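Asker: Fold the following and give me the result.
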Amino acid sequence: MSSSYPDLADKVVLITGGSRGIGAQTARAFAAQRAGVCVVGRDQGALDAVVADITAEGGSAMGAVADVTDSASLARVRREAESRLGPVDVLAAFAGGQGFPVPSADLTEERWRQVLDSDLTSAFLTIQAFLPGLLERGRGSILTMSSAAGRRPSQANLAYGVANAGLVLLTRQLATELGPRGIRVNCIAPSSIRTEKVLARMPPEVQEQVAALHPLRRMGTPQDVAHTALFLASDAAAWLTGLTIDVAGGRITQ
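Answerer: Purely as a prediction, here's the structure:
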């Protein structure tokens, strides 16, 4: 990593949605700052690969399989992470990503509930699981993951846009409530990011078209998002809370 945040050394970071894409790259970025990292996801093999990458570079990491829409599963992860790494200092609720386009007229109740659970309720439950410990210690940083689809209408399905807009307000309200208790809460809202899933589904010519929509004339990378996460979690952002940072190459209309 080109940026260095010495204050992140020896911190404990937990990242949901950490098995691939943005979450996995963010885990590697924190580990490179000598933080202990717990990556949470549903795919044991993918989690093992991220942990192996980190430990091969001399970092400290563990993986935990969990359903982040289930509070009991998250409570188990909290116990495991605290037992192996210690109390969590930085909580990154990054799980989600159910934005596949569906016309609103065709969006079923079942799909609506599934997307809101995956992208919004999961963040609430994750924060609820770890908040008592953060409050007890009177310090910590919480990061949420929204999307450009939560900042303006998009081709993503309606439930995804609503869920991600909800994450922005969740962040602001928690920041107001928890600031006096020493806890900062900030949100990252990426636009088009070249994750493994995007590259697999989006033909090269479409990638070029999407890149041209951004003032910086490229799609984002997981590293772009990870750099933002490091900054927001570090003491360099010690007086920042309640923000949503659009990692979007300039393509945002407020």
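Asker: what's the helix or strand for the nearest residue to residue 59 once chain neighbours are set aside?
Answerer: The shortest distance from residue 59 to any non-neighbouring residue, by CB to CB, 6 or more residues apart in numbering, is to residue 31 (3.4 Å). Heads up, the C-betas are built off the backbone N, CA and C, glycines and all. For residue 31, the enclosing helix or strand under DSSP states H and E is helix 21-32.
Asker: what sits up against that helix?
Answerer: Around helix 21-32, the neighbours that count as contacts under CB atoms under 8 Å, 6 or more residues apart in numbering are 1, 8, 11, 13, 15-18, 37, 39, 41, 46, 50, 53-54, 57, 59-61, 90, 92, 94-95, 97, 145, 190, 193, 195-197, 222-223, 225-227, 229-230, 233.
Asker: Check what pLDDT the residue nearest to residue 59 gets.
Answerer: Per-residue confidence for residue 31 comes out at a pLDDT of 98.
Asker: What is the burial count for it?
Answerer: 25 (other CB atoms under 10 Å).
Asker: same question, residue 101
Answerer: Burial of residue 101, expressed as a neighbour count using other CB under 10 Å, amounts to 10.
Asker: And the helices in this structure?
Answerer: With DSSP state H as the definition, the chain shows helices at residue ranges 21-32, 44-56, 71-84, 109-116, 122-137, 158-178, 196-201, 204-212, 222-233.
Asker: got those as JSON lines, with distance to residue 152 columns?
Answerer: JSON lines is the format used below for those (distance: least, CB to CB, whole Å):
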{"stretch": "helix 21-32", "distance to residue 152": "20"}
{"stretch": "helix 44-56", "distance to residue 152": "31"}
{"stretch": "helix 71-84", "distance to residue 152": "31"}
{"stretch": "helix 109-116", "distance to residue 152": "18"}
{"stretch": "helix 122-137", "distance to residue 152": "20"}
{"stretch": "helix 158-178", "distance to residue 152": "9"}
{"stretch": "helix 196-201", "distance to residue 152": "19"}
{"stretch": "helix 204-212", "distance to residue 152": "15"}
{"stretch": "helix 222-233", "distance to residue 152": "18"}
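Asker: for the ones you listed, which one ends up most surrounded?
Answerer: Per-residue neighbour counts averaged over each of those give the maximum for helix 21-32, namely a mean of 26 (mean count of other CB atoms under 10 Å).
Asker: ok now it, how far from the chain's centre?
Answerer: 10 Å (CA atoms, centre = their mean, to the nearest Å).
Asker: where does the chain dip in pLDDT?
Answerer: For the chain, the stretches flagged by pLDDT under 70 are 1-2, 199, 253-254.
Asker: ok, longest strand in it?
Answerer: Residue-count comparison of every strand in the chain, with assignments taken from DSSP state E, identifies strand 183-190 as the longest.
Asker: Quickly run through the sheet partners of it, with directions.
Answerer: The sheet places strand 183-190 alongside strand 140-145 (parallel), strand 244-247 (parallel), with pairing taken from DSSP bridges.
Asker: can the ones you listed go into TSV with extra columns for distance to residue 209 and mean neighbour count?
Answerer: Formatted as TSV, the entries for those read as follows, by distance: least, CB to CB, whole Å; neighbours: other CB atoms under 10 Å:
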stretch	distance to residue 209	mean neighbour count
strand 140-145	25	26
strand 244-247	20	20
